[in-house]
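Asks: got a predicted structure here, sequence first:
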Amino acid sequence: MDRLLASGALVLMMTACGQMEPLDGNRITGGFDAGAGAVEPVADAGVVTDAGDTKPDTGPADTGIPRPSDDHSDSRVGGSRLSPGQGIAGLLDGDSDSDWFVFTAGVADLHRVETRGQTDTKCGLYDADGEPVADDDDSGDALNCRMEQALVSGADYYVQVEHFSASGTGDYMLFIEAISAPSVAPEFSADPLRVAAGEPVNLTGTGFTAMGSARFVVSSGGLQPIELEAVAGEDGSVTAVWQTARSTRAGAFRIEATDQASGLTSRSVEVTVTTAPVDDHADERAGATGIRTGRFTPGEIHESNDVDWFRFRTQSAGQWVISTRGELDTTCALYLAGEEVTNDDDSGDALNCRIERSLQANRDYFVKVESFGTRTGNYELVVVPPPTPDDHGNTIETSSVLGSETSTSGSIGSAGDVDVFGFTAQFTGVYQLRTVGISDTMCRLLSLRGAELDSDDNSGILWNCEIERRLDAGTTYFFAISHSDAEGTGSYWFFLSAPEGSPSDDHGNGVSAATLIGDHGSTPGVIELDGDRDYFHFFASRDGDWTIETSSDVDTVCQLLSDEGAQIASNDDAGDDRNCRMTARLVGGTRYAVEVRLFGAGRTGAYRLRLTPP
C-alpha cells in the first residue's frame, strides 16, 4: 500500500508541474482508440513450472511458485499500453522485476522514450516482432534511461524497463513523446573566398541531418571534380577543409554540399584560386599560414634569407610539441602575442628543430621556421597537441566491441595511438569499412588471432582509408585504425556497411561462430528453434570474480568455456526466475566463451545475457 501511495504521489507531482498526463500505473489498460473500452486488470500469471523434470545440473530445484501480483507484465505480449504524449507509473520490486509496455508510434520522425524519477533504470526498445531497436542505461536525468529513435508511424513498439541492479527496487514514470526531427536545409560558407594555390579553404555548414553524412563537391570547367566527405554533429553542423595544392589551377571553383540522408543540395559557393606565390609561406607574421594540428605541413626555404611563418590555435592546455622533419637543418621559434616564447635548433632528428612547451588553451601561437646558415631545401612542420585519454583499446584484447552500431567516432590522441574495433559478421557478403574526416588514417583488417587480412591507407576520400572485402557470417573480425604519420593525431568517424539481408540465427551455434560482446553490460538473444544454442565470446579486461547470468521469462542453462572450448563452469537455476547465474575467477586479457540454451525440449524464447566484472 505504501508503494502504491508513493506512485500516486509521484503522478500528482509530475502532473502539477505541467508534465504529460500519466496513466494509472497500477492497472493494465486497454487501447486508447476512440470507442475502445478499458479491459479488466490482468494479474501477472507468472511462469510455467518445470519442477517435475529431471535436470542434468546441480542448480536449485524450480519451485513453480509464480511471482506475486505485479503492476506491469514481465513478458512482452502482456505489456501495458500507452500512447505518445502520455506517461505511466511503474514500480520495480526487485527480484529481477521487468516491466513491459506497448505503444503505437505517432506521425513524428523521432520519438523520445524515457523514465523519470530517482530509480536507476535501464530500458530496451523493440519492434512488433520483438527485434531490438535500441537500448539505454543512463542517458536521461539522474540515472534514468532515455532513447530518441526514428520510428515507423502507425507501427507498434515495445518498451522494457528494468532496474540497473537485479535486486534494485523503486518507483519511476515512463513517458513516450513524439518529437519533431530537426529540419534539414543544408547551407554552408567558405572562408576565405579568395585563396592562393596551396592554401586551405574552410567549409562550415548548418542544416544537415544530425549525425548524417555530408558530401562537398568542388568543380571547375575541364577539371575532375573533387569530393570531400564529413559527418554532421548532433546539431546538424558540419565542417570540412578543401586543401588546395600549389599546383591547383588558378580560376573560379564552384562548391556544393549535399546532405546524403535527404538528398538535398545547398546553394553553390564560388571560391577564387590565384596563382601560388613564389614563396610558399609568408615572410611576415601577419601573413602566417594557418595549419591544423596533428598534420604535417610542407615548406620550402627557397633562398638563403627566406623565412616561413605559421599560425595554429590551441584547443587545450598542456605539453605541445612543435617539430620539423626532413634533410634540411632547420631552426624554429615560437611566438605568442608578438613575443618570442622559446626557440630551438637541433633538438629533433637529423638537425631538425623540436620544441616541447606547456601552452595555454584557446590561444593563437605562431611558429617561425628558418634554415641554419645559408642552406635551402624542403621540410615538413607538425604541431602535436597534448595526448588525450585513449578512447578505444590498442589491441584485440582491449578492443571496442561493435554490436548493432554501424558507425562510431574515434581519435588518434597521441603519437603511435591505435584504435581497434571488434565485430562479428552477421551476413556473408561484401562489407565496406572506412573512415571519414580530415585525419590521414591508415587501417588494417585482422582475424580473431591477429593475422592481417587486408590493409589500406588512402583509398577513401581526403586521405581516409577504405577496405571492401567479402566476410563470412559468424566470423569475428577486428579493424585497427592509426594515423599514417608516426607523429600524427586527429579525430575520425568509422563506418561499417554490411550487405543486405536477415540473419537466420541471431548468435552462432558453436564457439567458432560465437558473437563478440563487451565484457560488461547486457546483450539480447533469442532461442528461435527447439535445440538452438547461442554462443558468445569476450575478452576479460581484468583479473577477478566475474558474474555471468541471464534475465528472462524462460528457463535458461549456461556454460562458461575456455578459449579452446573446455568447460569452466555451468549452471541452470542459480539466478532469479529459473535463470542461470555463474561466478568464476577469470584472467584479464584472456578470451572466454558462453553458451546459452533453454532447459527441456520444444521451448523457445528471448533473454538477455549480462556480464558483471569484479
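Replies: In hand now; what should we look at?
Asks: count residues in the vicinity of residue 410, would you?
Replies: Residues near residue 410, counting by other C-beta atoms under 10 Å, number 22. All C-beta spots, glycine's among them, are computed from the backbone N, C-alpha and C.
Asks: show me what contacts it?
Replies: 391, 392, 419, 481, 491, 492, 493, 494 (C-beta atoms under 8 Å, 6 or more residues apart in numbering).
Asks: can you pull up the bridge partners for residue 241?
Replies: residue 202 (DSSP bridges).
Asks: and it, how close does it get to residue 276?
Replies: 18 Å (C-beta to C-beta, to the nearest Å).
Asks: got it, and residue 360?
Replies: Looking at residue 360 against residue 276, where the rule is C-beta to C-beta, the gap reads 33 Å.
Asks: what do you get for residue 399?
Replies: 44 Å.
Asks: more crowded one of the two?
Replies: Using other C-beta under 10 Å as the criterion, residue 399 and residue 276 rank with residue 399 on top: 22 against 17.
Asks: mind pulling up the pLDDT for that one?
Replies: On pLDDT, residue 399 comes in at 95.
Asks: with residue 51 instead?
Replies: So residue 51 comes in at 39 (pLDDT).
Asks: so which elements touch the host helix or strand of residue 560?
Replies: According to DSSP states H and E, residue 560 maps onto strand 556-561. If you count contacts as 3 or more C-beta pairs under 8 Å, 6 or more residues apart in numbering; DSSP states H and E, strand 556-561 packs onto strand 544-552, strand 567-571, strand 581-586, strand 591-598.
Asks: quick one: end-to-end distance for stretch 203-217.
Replies: 11 Å (C-alpha to C-alpha, to the nearest Å).
Asks: model confidence over that stretch, on average?
Replies: 91.
Asks: about what we covered before: from the contacts of residue 410, which would you call buried?
Replies: Among the contacts of residue 410, those classed as buried by 16 or more other C-beta atoms under 10 Å are 392, 419, 481, 491, 492, 493, 494.
Asks: give the contact list for the spatially closest residue to the third one that is not a sequence neighbour.
Replies: What that stands for is residue 481. Excluding the flanking residues, the one nearest residue 481 by C-beta to C-beta, 6 or more residues apart in numbering is residue 419, at 4.7 Å. Going by C-beta under 8 Å, 6+ apart, residue 419 touches 391, 392, 393, 394, 400, 410, 411, 412, 480, 481, 482, 494.
Asks: quick check, residue 419 in a helix?
Replies: No - Residue 419 is assigned strand when assessed by DSSP: H, G, I helix; E, B strand; the rest coil, not a helix.
Asks: burial count for residue 177?
Replies: 17.
Asks: got a list of what the residue lying closest to residue 245 once chain neighbours are set aside touches?
Replies: Leaving aside its chain neighbours, residue 245 sits nearest to residue 198 (6.2 Å; criterion: C-beta to C-beta, 6+ apart). Residues counted as contacts of residue 198 (C-beta under 8 Å, 6+ apart) are 244, 245, 246, 248, 276, 280.
Asks: what residues are bridge-paired with the residue nearest to the spatial centre of the chain?
Replies: Centroid-nearest residue in the chain, with C-alpha atoms, centre = their mean: residue 408, separated by 3.7 Å. Beta bridges link residue 408 to residue 494, judged by DSSP bridges.
Asks: buried sites along the one helix or strand residue 370 maps to?
Replies: Secondary structure from DSSP H and E places residue 370 in strand 364-371. Neighbour counts over strand 364-371 (16+ other C-beta under 10 Å) mark 365, 366, 367, 368, 369, 370, 371 as buried.
Asks: kindly report the same for stretch 206-221.
Replies: Buried, per 16+ other C-beta under 10 Å, within stretch 206-221: 206, 207, 208, 209, 210, 212, 213, 214, 215, 216, 218, 220.
Asks: which residues touch the fifth one?
Replies: What that stands for is residue 210. Residue 210 touches 182, 232, 233, 234, 235, 236, counting by C-beta under 8 Å, 6+ apart.
Asks: now the residue nearest to residue 245: how far from residue 279?
Replies: Applying C-beta to C-beta to residue 198 and residue 279 gives a distance of 10 Å.
Asks: ok, residue 487 next?
Replies: 26 Å.
Asks: which of the two has more neighbours?
Replies: Neighbours were counted for residue 487 and for residue 279 using other C-beta under 10 Å; residue 487 has more, 18 against 15.
Asks: for the more buried one, which non-adjacent residue is closest in space?
Replies: Nearest to residue 487 is residue 415, by C-beta to C-beta, 6+ apart, at 4.8 Å.
Asks: residue contacts, that neighbour?
Replies: Applying C-beta under 8 Å, 6+ apart, the residues near residue 415 are 384, 486, 487, 488, 489.
Asks: check what pLDDT residue 108 gets.
Replies: For residue 108, the predicted pLDDT is 70.
Asks: and if you look at residue 144?
Replies: For residue 144, pLDDT reads 94.
Asks: can you check residue 314 too?
Replies: So, for residue 314, pLDDT stands at 94.
Asks: go on, residue 83?
Replies: pLDDT, residue 83: 87.
Asks: ok so it is a strand residue?
Replies: No - applying three-state DSSP, one finds residue 83 to be coil, outside a strand.
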